[in-house]
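Colleague: Got a predicted structure here, sequence first:
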There are 2 protein chains.
Amino acid sequence: MSTETPAVGRPRAFDEETVLDRATEAFWRHGYEGASLSVLTSAMGINRPSLYAAFGSKEQLFQRAFARYHDTQVANARAALDQPTAYASIEAFLRASADGLTDRDHPAGCLSIQGGLACSPDNARISEILAAGRAATEAAVEERLSRAAKEGDLPDGVDPGALARFVMALSEGHAVHAASGASREDLHASVDIALRALALRQ
Amino acid sequence: MSTETPAVGRPRAFDEETVLDRATEAFWRHGYEGASLSVLTSAMGINRPSLYAAFGSKEQLFQRAFARYHDTQVANARAALDQPTAYASIEAFLRASADGLTDRDHPAGCLSIQGGLACSPDNARISEILAAGRAATEAAVEERLSRAAKEGDLPDGVDPGALARFVMALSEGHAVHAASGASREDLHASVDIALRALALRQ
DNA sequence: CACGATCTGTACCAAGCGGTAGACTGGCGC
DNA sequence: GCGCCAGTCTACCGCTTGGTACAGATCGTG
């Protein structure tokens, strides 16, 4: 594995997680196809053979970057679901999402969407990987809301799946907006409207 | 201009609007960068010199395709805003949008987003063009809602700009969902939830 | 029926793509 | 301090990219 440090031989001149973070930013900003190896290596501060020795291929690098993105950025929003009520969970999820999408420490928007919603036929796998990631997040929201339904925390007649889809769709739309320069306040104002309409508030 | 038929010389073997529609589909499905000239020419059924003679360059072809997309697909949704009330306008806009995003006669999703939310540094213009198109649509929604506010058709304290942003964001999120295979019914269920929450209904 | 104008098709261009061979570098164990 | 070996660096690979030169085809006109 690339994570264990070998006992012998010349040591690496870079930290794997550091350059992975920089690669993630490049993919985030330019998408999978838009982030060429030249863009990647200059962002990561290493050259091609080092990249290939450490990560295997551009696609494997992207998968590592996306996994790391999930473990850090997406995990924030998913963790926000852990609130006592469905309403509070949705609000926390949308707030955390809006904040993450407009965090000045990273490119605006969401890697899951910017990475490659549409791709060249050769890279169709990338779109699928990203879609699977978004579906997993939506499933987490739905799971939380299904629990709420069982607990009587959701008004009768509200479908947890449809509500989860609504919440995810809004979050994805905010990602598109953020990518086009919408401010954090803009997104929170949109969240306000969504929450007002949910009629989940006790 | 390429639209006027010349009196002399060999006539074109293709109809410009027909091949433009096919190019639009290719861009829609694969994005600007993902739709290579090989993909485009084989989808359009013409070869490169004909493409360049008729459209000038890949970017100009894309601009024509995007303009045509706006005139047909986006115009549908914008026309839906022409309803007697704000609530009816929003509902019609979201319904028309959901239908367009899942129309089986075209690729799933929205060219404005699939075209290239994130691009290679060289093609940054493309992202800007697409973002400008989305902003124009949002401005049309906001204009309709501002009129509603003047007419007393919007509850006090509702900001037309924020509401327009919410509506557009939801529609964009539905586009992302549609691109990942969400069904028309899925999207309409999400619209139902949004409408329930708007508290615009008299 | 030849001319001029325009379109089509093949075959090409330079540049960039993702990926790699091979010489060189430098820290550790003996 | 010498050998080992993983890492770095330069320079390259074949292939695709967006874009075009040029020859031949096909029309209207004189």
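Modeller: Arrived safely, thanks for sending.
Colleague: use CA for all of it now, contacts and neighbours both
Modeller: OK.
Colleague: Can you give me the buried ones in the helix or strand bottoming out on mean pLDDT in chain A?
Modeller: Lowest mean confidence among the helices and strands of chain A (mean pLDDT, DSSP states H and E): helix A:184-198, at a mean of 92. In terms of neighbour count (16 or more other CA atoms under 10 Å in any protein chain shown), helix A:184-198 has its buried residues at A:184, A:186-195, A:197-198.
Colleague: just stretch A:38-48 next, same as before
Modeller: By neighbour count, and taking 16+ other CA under 10 Å as the criterion, the buried residues in stretch A:38-48 are A:39-41, A:43-44.
Colleague: what's the answer for stretch A:93-100, then?
Modeller: Along stretch A:93-100, these residues count as buried under the neighbour rule (16+ other CA under 10 Å): A:93-100.
Colleague: Give me the contacts around it.
Modeller: A:73, A:76-81, A:109, A:167, A:171, A:174-175, A:184, A:187-188, A:191 (CA atoms under 8 Å, 6 or more residues apart in numbering or on different chains).
Colleague: The same query, at a cut-off of 7 Å, please.
Modeller: Defining contact as CA atoms under 7 Å, 6 or more residues apart in numbering or on different chains, one finds that stretch A:93-100 is touched by A:73, A:76-78, A:80-81, A:171, A:174, A:184, A:187-188, A:191.
Colleague: Let's have those residues in JSON lines, adding distance to DNA strand C.
Modeller: Supplementary listing: the contacts of stretch A:93-100 in JSON lines, determined by distance: CA to the nearest atom of the strand, whole Å:
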{"residue": "A:73", "distance to DNA strand C": "24"}
{"residue": "A:76", "distance to DNA strand C": "30"}
{"residue": "A:77", "distance to DNA strand C": "30"}
{"residue": "A:78", "distance to DNA strand C": "31"}
{"residue": "A:80", "distance to DNA strand C": "35"}
{"residue": "A:81", "distance to DNA strand C": "36"}
{"residue": "A:171", "distance to DNA strand C": "29"}
{"residue": "A:174", "distance to DNA strand C": "28"}
{"residue": "A:184", "distance to DNA strand C": "32"}
{"residue": "A:187", "distance to DNA strand C": "33"}
{"residue": "A:188", "distance to DNA strand C": "36"}
{"residue": "A:191", "distance to DNA strand C": "37"}
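Colleague: Determine which two of the residues you listed are furthest apart.
Modeller: Using CA to CA, the pair of those lying farthest apart is A:81 and A:184, separated by 20.0 Å.
Colleague: Out of the buried residues of stretch A:38-48, which sit inside helices?
Modeller: Assigned to helices by DSSP state H, the following of the buried residues of stretch A:38-48 qualify: A:39-41, A:43-44.
Colleague: which one of the residues you listed sits closest to chain B?
Modeller: Top of the list for closeness to chain B, among these and by CA to the nearest CA, is residue A:39 at 8.8 Å.
Colleague: For the closest one, which non-adjacent residue is closest in space?
Modeller: Across the structure, with CA to CA, 6 or more residues apart in numbering or on different chains as the measure, the residue nearest residue A:39 apart from its sequence neighbours is residue A:26 (7.3 Å).
Colleague: Scan chain A for its longest helix.
Modeller: Among the segments of chain A that qualify as a helix by DSSP H, the longest is helix A:124-150.
Colleague: Quick check: next helix or strand after that helix?
Modeller: Read in the C-terminal direction, the helix or strand following helix A:124-150 is helix A:160-179, with elements assigned using DSSP states H and E.
Colleague: does any bit of that following helix sit next to chain B?
Modeller: Yes. Using CA under 7 Å from any CA of the partner chain, helix A:160-179 reaches chain B at A:162-163, A:165-166, A:169-170, A:172-174, A:177.
Colleague: Next, the angle helix A:160-179 makes with the longest helix of chain A.
Modeller: Regarding helix A:124-150 and helix A:160-179, their directions subtend 130 degrees when assessed with axes from the mean of the first three to the mean of the last three CA atoms, to 10 degrees.
Colleague: Show me what helix A:124-150 is packed against.
Modeller: When contacts are defined as 3 or more CA pairs under 7 Å, 6 or more residues apart in numbering or on different chains; DSSP states H and E, helix A:124-150 packs onto helix A:160-179.
Colleague: ok, and what's touching the helix it packs on?
Modeller: When contacts are defined by CA under 7 Å, 6+ apart, helix A:160-179 is touched by residues A:94, A:97-98, A:101-102, A:108-110, A:138, A:141-142, A:145-146, A:187, B:169-170, B:172-174, B:177, B:189-190, B:193.
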